[in-house]
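K.L.:
sharing a model that was predicted from the sequence below.
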Amino acid sequence: MSSRTLFRGIMFAIHRPRLALFITAVVLVIPAAIFIYMGVRYVIGDLNRVDLNSPDCDLASIENYNRVSGSTYNAWGGFYIPGSDGSKIYYYLVPQFDDDSDPKYIEKVLIVKVEPEYYTIWNSVSDHTKQWFSHLTQKPITPIQIDGYAHEMSGVQYGYAMDYLQNIGFSYSNAEKVLVPYFVADNSSALYTTFTAGGVFALISIICFGIWFALGANFRD
C-alpha cells in the first residue's frame, strides 16, 4: 500500500467515520470467511490423518488437506524449483516400496517440501536408502520425522516432479502411476494459524459493525 493510498484512507475515515466503519466491517468478512473455511478443511484433514508408520499405510490414499505424520527411513533424492526472488525451494521424494524387508521396486512416491536446515539429513538418508535398496548396506536406522498437511501440486510442481522421476529411470507413464499428486509441507500448525487469523478478522469486523450500530447504523457524518 502506497503512502498516498494510506493517507487517503485515513482522511476518508476522519471525514466519513460511519461509512468507513461499515466498509471496513464488510470488507473484513471476506478474509475471515476464507481463513475459517481453510481452518475447517484442516480440521477435516486432521480427522482423516495418514499415519506413515501404520503397516496399512497407503500413500495413494492421500487427499488434499490430509494430515500426514509419522517417521520415514526412506528417501530418494530431491529437486528444487527456483523462487521468484532467486531462492531455491527444495522437495524430496519419500518412496513406498513393494516390500520393506526386500524391496524390488517403488510402488508410490510422496513429495515433501523441505526447509534448508534439513537438506543435509535428507541427502544422507537418500544415500543410505539407495545403498540399502541395492543390498549394499543394512536398512537405514535414522528416521526423518514428517508432520504436515498434503496440498495439491501446482502444474509447475508436478512438472518438476515428473521430470525428476524420469531422470532417475522412470518412463513417463510409470512416473504418472507412482507419483502421488500432492506434496506435504511442514505446516502442522496451519490449523491453528488459519483459525486464529479468521477469528481476528471476524472479531474486528464484529467490533466495527457494533460501533456502527451504536452510532445509529447510518452513513451520516
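P.N.:
Nice, I can see it.
K.L.:
relative to residue 143, how far out is the residue nearest to residue 51 when sequence neighbours are not counted?
P.N.:
Spatial nearest neighbour of residue 51, chain neighbours left out: residue 70 (5.3 Å); criterion: CB to CB, 6 or more residues apart in numbering. For the C-beta atoms, the positions are set from N, CA and C on the backbone; glycine is no exception. From residue 70 across to residue 143, the span is 9 Å (CB to CB, to the nearest Å).
K.L.:
likewise residue 24?
P.N.:
49 Å.
K.L.:
out of the two, name the residue with the larger neighbour count.
P.N.:
Shown here are residue 24 and residue 143; by other CB atoms under 10 Å, residue 24 has more neighbours (18 against 14).
K.L.:
and the spatially most central residue of the chain, what pLDDT?
P.N.:
Centroid-nearest residue in the chain, with CA atoms, centre = their mean: residue 185, separated by 4.1 Å. The model reports residue 185 with a pLDDT of 89.
K.L.:
tell me the confidence at residue 7?
P.N.:
50.
K.L.:
returning to what we had before: wait, the residue nearest to the centre of the chain touches residue 147, no?
P.N.:
No. Taking contacts as CB atoms under 8 Å, residue 185 lies outside contact range of residue 147: 10.2 Å.
K.L.:
could you say which helix or strand holds the residue nearest to residue 51?
P.N.:
strand 67-72 (DSSP states H and E).
K.L.:
over to residue 208?
P.N.:
helix 190-214.
K.L.:
which other helices and strands contact that helix?
P.N.:
Judged by 3 or more CB pairs under 8 Å, 6 or more residues apart in numbering; DSSP states H and E, the packing partners of helix 190-214 are helix 17-47.
K.L.:
next helix or strand past the helix it packs on?
P.N.:
Later in the chain than helix 17-47, the nearest helix or strand by DSSP H and E is strand 50-51.
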